[in-house]
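# could you look at this predicted model? Sequence included:
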Amino acid sequence: MKFMKLGSKPDAFQSDGADVRYVVSDLATDVVVHVGQVKFYLHKFPLLSKSSKLQRLVLKAAEEVTDEVRIDDLPGGAKSFEICAKFCYGMVVTLSPHNVVAARCAAEYLEMTEDMEKGNLIFKIEVFINSSILRSWKDSIIVLQSTKALLPWSEELKVVGRCIDAIASKTSVDPANVTWSYSHNSKKGGTCAEIVESAGKPSIAPKDWWVEDLCELDVDLYKRVMVAVKSKGRMSPELIGEALKAYAVRWLPDSYDALVAEDYMRRNQCLVETIIWLLPSDKSSGCSCRFLLKLLKVAILVGGGEHVKEELIRRISFQLHKATVKDLLLPSTSPNDGTYDVRLVHNLVQRFVARTALSHNGGFIEKSDEKMIELNFEQESTLSVGELVDGYLSEVASDQDLSLSMFVELATAVPEVARPVHDNLYYAVDAYLKEHPDINKSEKKKICSLVDVKKLSTDASMHATQNDRLPLRLVVQVLFFQQLRAGSSKELALIDNGEQACTRPMEDQCDPCERRIPKHPNSLNKQVTSLSARESQHHRISEHRGGRNSFKDQIGGILLQSRSRRIFDKLWSSKGQGEHGGKGSETSGSSQSPPLSAKPAEVKPSPLPPLRNRRYSVS
């Protein structure tokens, strides 16, 4: 820290209580200067020789036959006036970054210019500011911080502007030329005792060496400094984003109560709006998605303007694939929408998908390696967003106030290519059904239609077959595709072992399970009917041979538990009833088992009953 001493005489100012200051001298004082609530008993001659303002005030007081002068609007108050008075007496005065701005403004108010005397106070202070203060990094910050209490004088004297320019210029200096003392704990270093330097090699400051020091500035001054830093054009967007993040961490409270406290609500709102206004112009870089989502959460809580939220939403949509489920748990501003703002997340997903679609539409024009890399990145980001949305749905499904329509809208906002596997979506649907047991059959059918059973893994399929919350029709579909998958796996194993040759073209051998899956519900009904006939025939043969194993215990080697057995019991227990003309068992979404012929070799399924006579049951 820089200092400057003025004058050579010893300090003769003394106090008589908190409100009286006087000069110890053989001569009696002849003027009383009131500065606020403090009285100064002084002599006219030293004061009038250096201050034009005091000359006029004393002359006016003499006309009114009084020796008292009142100054109520002196910048810096009694402390700054004492510095000026001591300078007039030639006493020792020490200027520092903490009091130099107050002394400069007071000297300007008292008109202590070169016209009154050469080497007057204004001239000496300007020399100190230009030659010492503005050349020092820390002193420039201290002086800039002190200017806020002295507005508008400090602004009119260009002290603020000069400090800002000096600070912005120093941030652009090559870090190799910066001498950093490591005087505070740094995230990239430690205390001074922990720094180990090789002999003869000075320590090199990191690129963000200036970030933490600027965090001490008030928000309005910080804004002006960062504008000046950005105008230099030498700072990367990532470094600007790092500085803004550090400032937000420094000033934004961690607790919800402190954030929305009435005394600090306006300050926090202004802080968030300033940080958003200072964000780098490049929307796809500079600030992490997590940081932007935190800013959005704060903006929602403190009541930020719509333009602020819109700017954040636009930026977040560029890198939504980098977010986490926890980051997306944004509070809802409407009590009717539940705890979390699912509508806002839906907006983010829509914007991301729209931007990705535009990128893909123009992506196949060129065949360059750069274009293909870009497309691969877009595909990976799309998959990440699909996984993110399914995880978010699982998290918010427990909200009792979350409407089914909002759940479905968010689930369908993700394109199909973003969900190669439907496990996470299935678990999200199951969580919603568990927390909302009162939804009707049509609503349950609507939300369950989101899940494609062909894209469920084996574990998810087994879970679905035991899930009493799912409609019976969906469980039947899961069981059917499990059987087809198991059969296809067995066929592929035979092909790999050379036990069975395949004469199909290579393209027809890919994903046989997918090709066996029926594409229409009627096809599923026909195959279930066929399976029923095969089971009846197999059961007759087993009874003839005295065996006890049924066809149900051998379908694809799948272990059917509890509800799965009950479902197949309903599907295939109609064998005896079919022979005696009884009614078939009741299933959800599948036809009744048809009556079978007495001859096993001539098994033919009967036509399905009319739709109006078919009964459905939703469990």
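That came through fine.

# mean confidence (pLDDT) on stretch 213-226, please.
For stretch 213-226, mean pLDDT is 94.

# so what's the gap between that stretch and the chain middle?
In terms of CA atoms, centre = their mean, to the nearest Å, the centre of stretch 213-226 is found 22 Å from the chain centre.

# same question, stretch 464-479
38 Å.

# measure it end to end?
Counting by CA to CA, to the nearest Å, you get 9 Å between the two ends of stretch 464-479.

# list the buried residues for it?
By neighbour count on 16 or more other CB atoms under 10 Å, the buried set for stretch 464-479 is 464-465, 467, 470-479. All C-beta spots, glycine's among them, are computed from the backbone N, C-alpha and C.

# what's the answer for stretch 435-447, then?
436, 444-445, 447.

# so which of the buried residues of stretch 464-479 are in helices?
Those of these mapping onto helices are 464-465, 472-479, per DSSP state H.

# returning to what we had before: which of the buried residues of stretch 435-447 fall within strands?
Within the buried residues of stretch 435-447, no residue falls in strands by DSSP state E.

# confirm for me that residue 457 is in contact with residue 425.
No. Counting by CB atoms under 8 Å, residue 457 does not reach residue 425; the two are 11.9 Å apart.

# which one's more surrounded, those two?
Neighbours around residue 457 and residue 425, counted as other CB atoms under 10 Å, are more numerous at residue 425. The numbers are 25 against 12.

# tell me the pLDDT of that one.
94.

# tell me which element it falls in.
Per DSSP states H and E: residue 425 is located in helix 423-435.

# what residues sit buried inside that helix?
So, applying 16+ other CB under 10 Å, buried residues of helix 423-435: 423-433.

# next: stretch 319-331.
For stretch 319-331, by 16+ other CB under 10 Å, it's 319-323, 325, 327-330.

# any chance of TSV for these, columns secondary structure?
Shown next, in TSV, are those (DSSP: H, G, I helix; E, B strand; the rest coil):
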residue	secondary structure
319	coil
320	helix
321	helix
322	helix
323	coil
325	coil
327	coil
328	coil
329	coil
330	coil
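
# which of those residues sits closest to residue 63?
Closest approach to residue 63 among those (CB to CB): residue 330, at 69.5 Å.

# got the phi and psi for the closest residue in space to residue 445 that isn't next to it in sequence?
Among residues not flanking residue 445 along the chain, residue 471 sits closest, at 6.2 Å (CB to CB, 6 or more residues apart in numbering). Note on residue 471: its backbone torsions stand at phi -60, psi 150 [degrees, to the nearest 10].

# can you list the buried residues of stretch 319-331 in CSV and add pLDDT?
Shown next, in CSV, are the buried residues of stretch 319-331 (pLDDT from 0 to 100):
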residue, pLDDT
319, 90
320, 92
321, 91
322, 92
323, 92
325, 94
327, 92
328, 93
329, 92
330, 90
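
# dump the residues you listed into JSON lines; add distance to residue 46 as well.
As requested, those are exported to JSON lines (distance: CB to CB, whole Å):
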{"residue": "319", "distance to residue 46": "67"}
{"residue": "320", "distance to residue 46": "71"}
{"residue": "321", "distance to residue 46": "73"}
{"residue": "322", "distance to residue 46": "68"}
{"residue": "323", "distance to residue 46": "69"}
{"residue": "325", "distance to residue 46": "73"}
{"residue": "327", "distance to residue 46": "66"}
{"residue": "328", "distance to residue 46": "70"}
{"residue": "329", "distance to residue 46": "69"}
{"residue": "330", "distance to residue 46": "66"}
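
# return the helix or strand in the chain with minimum mean pLDDT.
helix 512-516 (a mean of 37; mean pLDDT, DSSP states H and E).

# which of the buried residues of stretch 435-447 fall in helices?
444-445, 447.

# where in the stretch 401-550 of the chain is pLDDT low?
Along the stretch 401-550 of the chain, the parts satisfying pLDDT under 70 run over 488-550.

# quick one: the strands in it?
Counting by DSSP state E, counting those that start in this stretch, the stretch 401-550 of the chain has no strands at all.

# likewise the chain?
Counting by DSSP E, the strands of the chain are 4-6, 13-15, 20-23, 31-35, 38-42, 68-71, 93-95.

# now tabulate those in TSV and tack on mean pLDDT, distance to residue 54 and mean neighbour count.
As requested, the strands of the chain are arranged in TSV below (pLDDT from 0 to 100; distance: least, CB to CB, whole Å; neighbours: other CB atoms under 10 Å):
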stretch	mean pLDDT	distance to residue 54	mean neighbour count
strand 4-6	92	18	15
strand 13-15	90	17	12
strand 20-23	90	15	17
strand 31-35	93	8	20
strand 38-42	93	9	20
strand 68-71	92	7	16
strand 93-95	94	17	19
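
# mind putting those into a markdown table with distance to residue 410?
Putting the strands of the chain into a markdown table (distance: least, CB to CB, whole Å) gives the following:
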| stretch | distance to residue 410 |
| --- | --- |
| strand 4-6 | 65 |
| strand 13-15 | 71 |
| strand 20-23 | 71 |
| strand 31-35 | 66 |
| strand 38-42 | 67 |
| strand 68-71 | 67 |
| strand 93-95 | 63 |
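
# contact partners of the helix holding residue 425?
With contact meaning CB atoms under 8 Å, 6 or more residues apart in numbering, helix 423-435 is reached by 387, 390-391, 393-394, 397-400, 402, 404, 407, 411, 419, 439, 444, 447-448, 450-451, 456-457, 459-460, 463-464, 467, 469-470.

# now residue 256: how far from residue 331?
Relative to residue 331, residue 256 is positioned 9 Å away (CB to CB, to the nearest Å).

# list the residues that contact both of these two?
residue 301.

# re the thing from before, and of the ones in helices among the buried residues of stretch 435-447, the nearest to residue 228?
The closest of these, once distances to residue 228 are taken by CB to CB, is residue 447, at 54.6 Å.
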